[in-house]
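S.K.: Sharing a model prediction with you, sequence too.
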Amino acid sequence: MTMSVAQANSQATRINAASGDARIKSLIGLIDVLTALVAEENAELAKGLPASRLKQVDEKNRLAEIFERTVAECAAGTTTLNVRDRILREQLLDRILKLRAAMDENLVRLRAAIEASNRRIEAVMQAIREQIAAVSPYGASGRVAARAVSSGTSRSA
């Protein structure tokens, strides 16, 4: 049985659509995992954990890089994500919006964690400066500082 050109084109369109749908489903899966990781990181940041102690950072960065590469390929036209299925397209858009909201929250929480870390570092540095000043025999000019000496009078009867 031979296929007409129209039938071959129709079959190719179905195969491309199925392959496009698989790519979209794969992208939705990636976005779901990335969103879950970011939400987990946000929960830990909300508890006050320092950003440097978060276990999600490496995996989040790896998945974000894959996502960014896919978006860049779409923008450059090297990859197309033709979503013919309306439901699939709505799912993709919904996931992208959820990821954006999670990433916006993540940015705010990371900034707050960095500011808190900076405040802790400054407090430690200030304590060190005060401790050094308290025991140092030198003043701000680098010269030996005159020490305040307690002079009391002692009276013996």
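M.R.: Perfect, I can see it now. Numbering: from 1, shown residues only.

S.K.: The longest helix belonging to the chain - contacts with which helices or strands?
M.R.: Identified as the longest helix of the chain according to DSSP state H is helix 86-135. Packed against helix 86-135 by the contact rule (3 or more CB pairs under 8 Å, 6 or more residues apart in numbering; DSSP states H and E) you find helix 5-46. Heads up, the C-betas are built off the backbone N, CA and C, glycines and all.

S.K.: Spit out the contact partners of the nearest residue to Ala51 once chain neighbours are set aside.
M.R.: The shortest distance from Ala51 to any residue other than its chain neighbours is 4.2 Å, reached at Ala113 (CB to CB, 6 or more residues apart in numbering). Under the criterion of CB atoms under 8 Å, 6 or more residues apart in numbering, the neighbours of Ala113 are Leu45, Leu49, Pro50, Ala51.

S.K.: Could you identify the most distant pair in those?
M.R.: Of all pairs drawn from these, the one with the largest separation by CB to CB is Leu45 and Pro50; the distance is 8.9 Å.

S.K.: ok, these two, which is more surrounded?
M.R.: It is Leu45, of Leu45 and Pro50, that has more neighbours when counted by other CB atoms under 10 Å, with 21 against 13.

S.K.: okay but the more buried one is in contact with Arg53, surely?
M.R.: No - between Leu45 and Arg53 no contact is recorded; they are 10.2 Å apart, counting by CB atoms under 8 Å.
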